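Structure for the following, please:
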Amino acid sequence: MPVKQFKPTSPSVRGMSVSSFEEITKSKPEKSLISHRKVFAGRNNRGKITVRHHGGGEQRALRLVDFKRYDKANVPGRVLAIEYDPNRSSRLALIQYADGDKRYILAPVTMKVGDSVVAGPEVEARDGNAMPLKAIPPGSPIHCIELQRGKGAQIVRSAGTAAQLLAKEGRWCTVRLPSGEMRRVDIECYATIGQLGNPEHKTIKLGKAGKSRHLGIRPHVRGKAMTPRDHPHGGGEGKNPIGHPGPLTPWAQPSRGYRTRRNKRTNKFIIKRRG
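Take a look at the predicted model:
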């Protein structure tokens, strides 16, 4: 899955790069597994903008991904295709199970068309298979990890990511996340073995403003370019410092090094924080 570079025929493509999409084997999604995706452009239920710089972008159908693999426990499946998903960075694998049902899962980096996958507590520990953490050998790379039993995969779902199962003790196991955080997870929770595909996604450069607009990202304006009434960084004659010990948000809250974690309920599961 290499990255494609461009000849510098114009300023916009000089630094631009895109994925080569060599691993993609099917161009159109499975019709039975797509749904309408409404774009809210950063607005809440009252129409007020709560997230700035969102809006526009290409129309995208929502692929229905199976994050609860245990629903098909011990039912073998075969990979029909590797597909692109515009709603996420990782690739999708279209699976057809022995009972005829088709579902999407997130594709590990080693998965290819024709491979077989299965989920269950007593299946073989190989890439693409989903198992409870208690059945996975320590040291294995894993992704699509549940945090609550029966809720489905919640973490480690981005392209190229993988967590590592470190140890098991009682009803808990220790998992090291891609951020470096070490966390306790219920040993009955499911996870999928292997590293997710498309690891070069983080090296891609958009190169021009138009690609941001295609992704639904609207223009950003620097705070220094605003007036003092519009932003704490604004004002002054010519180019000047922001006038504060550190950068601030438009609402004068610290924007770097300021803790924003609000879910204190799960602090007890964190053994070591990232960084």
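
which parts of stretch 163-176 are buried?
Across stretch 163-176, burial judged by 16 or more other C-beta atoms under 10 Å covers 163, 165, 172, 173, 174, 175, 176. No exception for glycine: its C-beta is placed from N, CA and C like everyone else's.

give the contact list for the fourth one.
When contacts are counted by C-beta atoms under 8 Å, 6 or more residues apart in numbering, residue 173 touches 133, 134, 165, 166, 167, 184, 185, 186, 187.

Give me the phi and psi angles of it.
Per-residue torsions, residue 173: phi -130, psi 160 (degrees, to the nearest 10).

Is it bridged to anything, and to what?
Note on residue 173: beta-bridge partners by DSSP bridges are residue 168, residue 185.

I'd like to know how far it sits from residue 135.
Residue 173 sits at a distance of 11 Å from residue 135 (criterion: C-beta to C-beta, to the nearest Å).

next one: the fifth one
From residue 174 over to residue 135 the distance is 16 Å, taken as C-beta to C-beta.

any idea how far the nearest residue to residue 73 once chain neighbours are set aside is from residue 130?
Leaving aside its chain neighbours, residue 73 sits nearest to residue 120 (4.4 Å; criterion: C-beta to C-beta, 6 or more residues apart in numbering). Per C-beta to C-beta, residue 120 is found 8 Å from residue 130.

So the two - more neighbours on which side?
Between residue 120 and residue 130, counted using other C-beta atoms under 10 Å, the more crowded position is residue 130 (27 against 19).

So the more buried one is in contact with residue 189, correct?
No. The pair residue 130 and residue 189 fails to qualify as a contact (C-beta atoms under 8 Å) at a distance of 10.8 Å.

close enough to count as contact, residue 167 and residue 174?
Yes. Using C-beta under 8 Å, residue 167 is in contact with residue 174, at 4.7 Å.

still on that earlier bit, spell out which residues are contacts of both of residue 120 and residue 130.
By C-beta under 8 Å, 6+ apart, residue 120 and residue 130 have these common neighbours: residue 70.

OK, contacts around the residue nearest to residue 73?
70, 73, 74, 130, 131.

So among those, which ones count as buried?
Among these, the ones that count as buried by 16+ other C-beta under 10 Å are 70, 130, 131.

now, which of the residues you listed lie within strands?
130, 131 (DSSP state E).

In CSV: the buried ones among the contacts of residue 120, plus distance to residue 24.
Shown next, in CSV, are these (distance: C-beta to C-beta, whole Å):
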residue, distance to residue 24
70, 28
130, 23
131, 28
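
Which member of the buried ones among the contacts of residue 120 is positioned nearest residue 85?
Ranked by distance to residue 85 (C-beta to C-beta), the buried ones among the contacts of residue 120 are led by residue 130 at 18.7 Å.
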